[in-house]
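Enquirer: predicted model and sequence below, questions to follow.
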Amino acid sequence: MTDTQTATPMTALPVTTPTVTPAVGSTEVGSYFVSNYPPFSQWRTDLVGEIQSAFTSEPNRDVPLGLYLHIPFCRKRCKFCYFRVYTNQNASAIEQYVESLGREIELIGQQPAVRGRQLEVVYFGGGTPSYLSSKQLLFLRDTLRRTISWDHADEVTFECEPGTLNLEKVKTLKEIGVTRVSLGVENFNDAILEENGRAHLTPEIFRAYDWLQQVGFPQINIDLIAGMIGETDENWLRCVEKAIELSPDNITVYQMELPFNTLISKEMREHGVTSPVADWPTKRRWVSEAMDRFLTAGYQISSGNEFVKSLDTDRFVYRDNLFRGTDLLASGVSAFGHLQGVHYQNYDGLEEYQKAVLTEGRLPINRARRPTVHQLLIREFVLQLKEGHLDAEPFARKFGVDVLTEFAEPLRNQEAAGYLEVDDGRVRLTRKGLLQVDSLLPEYFEPQHRLVRYT
Ligand code: SF4
């Protein structure tokens, strides 16, 4: 798990997402995290023509461009994972995937809407990008160099599972231009890591962290999860202290959720097992306690689940751009993207993905949707609320809409309930609101999207 598309287990865009569960009471099966709008269930295969025309249109050079690369392999499937991941693939299957990814990037680079544009951000997410060998990473770097320039990218993020690193690979990350490493720590207790099906244990965390520090990166992020199976008050506080001792630039904390397709959810559904995860009030209390400790230790709040040493220098450009509607090219199986006003997602099965790219020589896009301008406004408003505060003025400039009037009713309701304050053209979430921000967002959706499946 790490902080991607944005923020979710082994951070990238979630493969499944809400029917948004109320963030109260026990942790039942259902998603909580909001990462896009309109809901993914509204993106359709018969709308793929919309993204094909976006790719063949004139490039809009004023909009920043990013690239997301999905590496869908993991050593082991975590019990809480809801991503498209493959375990036990042999070396030749992985080699073939890397070849497909290289080919897909070449195809993307040939599209009129992309030609001549430079990448501002690159994000390697998964799955486990650090599962790849140094040789495969250098191959991807070289392919990118030949096709879309990333030499001037502000930020290149790379997600790592501690047990897949070695010093040589960490040096390769530096060599290919990674600026922000995100280490999926999740917990510092071996019994809890094991019980939740993580592939790594604590010695691997400390070894990996040493290598990262030895080699040196502008930003190191570590991920924690509040509410893993077996978590206790005492252990959680020990985890928070250990994270502070490591002193990374950023710390990301997720609250454990149980989307439909996790192994835990399957057990609950098929065997009537009660939820083994702490309830929402407990998880929110744990995150609140972590916030207090991080603030005391000098960290600042960058969003409801992200803490940074300095808001001025530790920018997370990928997230900031995503939340502000910039273009993001998707590459890899099941990856999500947005180009010139159109949302899209690649095929989510390896076979179909590779057939499209390698055999048919075409972009492997499975579904798409062009949101209306009003829906784009909602998307940016709800995503930016996750940062804990927003100004109305940039929305007025971009959309010609006063968001305080447009969303007056949900803002009033949520202010009355103590989740936020509206003052002087600004919305600011209270601690109570910040701790459960995702559960507040569907109230801003268009009525027809409030009760539909999210994925
Ligand atoms: S199985 Fe892989 S992608 Fe899923 S949470 Fe675990 S490490 Fe992350």
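Expert: That came in fine, so what should we check first?

Enquirer: next, see if stretch 150-160 gets close to the ligand.
Expert: No - counting by Cβ under 6 Å from any ligand atom, the ligand is not contacted by stretch 150-160; separation bottoms out at 8.0 Å. Using the backbone N, CA and C atoms, a C-beta is placed for each residue, glycine as well.

Enquirer: who's in contact with that stretch?
Expert: 2, 4, 10-12, 67, 118-126, 128-130, 144-145, 173, 176-184, 208, 315-318 (Cβ atoms under 8 Å, 6 or more residues apart in numbering).

Enquirer: ends of that stretch, what's the gap?
Expert: One end of stretch 150-160 sits 21 Å from the other (Cα to Cα, to the nearest Å).

Enquirer: distance from the chain centre to the least confident helix or strand in the chain by mean pLDDT, please.
Expert: Lowest on mean pLDDT, DSSP states H and E among the helices and strands of the chain sits helix 263-271, with a mean of 89. Relative to the centre of its chain, helix 263-271 is centred 25 Å away, using Cα atoms, centre = their mean, to the nearest Å.

Enquirer: and stretch 289-302, by the same measure?
Expert: That offset, for stretch 289-302, works out to 21 Å (Cα atoms, centre = their mean).

Enquirer: could you list the buried residues of it?
Expert: Residues of stretch 289-302 classed as buried under the neighbour-count rule (16 or more other Cβ atoms under 10 Å) are A290, M291, F294, A297, Y299, I301, S302.

Enquirer: endpoints of it, how far apart?
Expert: End-to-end for stretch 289-302, by Cα to Cα: 16 Å.

Enquirer: please name every helix or strand in contact with the host helix or strand of N413.
Expert: Using DSSP states H and E, the element containing N413 is helix 408-416. Using 3 or more Cβ pairs under 8 Å, 6 or more residues apart in numbering; DSSP states H and E as the contact test, the elements touching helix 408-416 are strand 420-423.

Enquirer: let me know how buried G116 is, in neighbour terms.
Expert: G116 is flanked by 10 other residues according to other Cβ atoms under 10 Å.

Enquirer: I figured A392 hits D402, correct?
Expert: Yes - using Cβ atoms under 8 Å, A392 makes contact with D402 at a distance of 6.2 Å.

Enquirer: looking at these two, which is more packed in?
Expert: Per other Cβ under 10 Å, whichever of A392 and D402 has more neighbours is A392, with 20 against 14.

Enquirer: contacts only, for that one.
Expert: D402, V403, L404, G425, R426, V427.

Enquirer: backbone phi and psi for the closest residue to the ligand within the stretch 151-300 of the chain, please?
Expert: Closest contact between the stretch 151-300 of the chain and the ligand, by Cβ to the nearest ligand atom, is at E161 (5.3 Å). Reported as degrees, to the nearest 10, the phi and psi values for E161 are phi -100, psi 130.

Enquirer: right, and it touches T128 too?
Expert: Yes - E161 lies in contact with T128 (Cβ under 8 Å); the separation is 4.6 Å.

Enquirer: follow-up on the earlier one: the buried residues of stretch 289-302: which two are farthest apart?
Expert: Largest separation among those by Cβ to Cβ: A297 and S302, giving 14.6 Å.

Enquirer: distance between the ends of stretch 257-276?
Expert: Span of stretch 257-276 from end to end, Cα to Cα: 11 Å.

Enquirer: before we move on, back to that, show me the buried residues of stretch 289-302 that map onto helices.
Expert: A290, M291, F294 (DSSP state H).

Enquirer: same list (these) but as CSV, adding pLDDT and distance to the ligand.
Expert: What follows is those, written out as CSV (pLDDT from 0 to 100; distance: Cβ to the nearest ligand atom, whole Å):
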residue, pLDDT, distance to the ligand
A290, 98, 20
M291, 97, 23
F294, 98, 23
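
Enquirer: to which secondary structure element is the nearest residue to W150 once chain neighbours are set aside assigned?
Expert: In this structure, W150 finds its nearest non-sequential neighbour in L119, 4.3 Å apart by Cβ to Cβ, 6 or more residues apart in numbering. Using DSSP H and E, L119 sits in strand 119-126.

Enquirer: following that strand, which helix or strand comes up?
Expert: helix 134-147.

Enquirer: before we move on, back to that, can I have the buried ones of the contacts of stretch 150-160 as a ChimeraX selection?
Expert: Filtering the contacts of stretch 150-160 down to the buried ones (16+ other Cβ under 10 Å) takes a single ChimeraX command:
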select :2,4,10,11,12,67,119,120,121,122,123,124,125,126,128,129,130,144,173,176,177,178,179,180,181,182,183,184,208,315,316,317,318
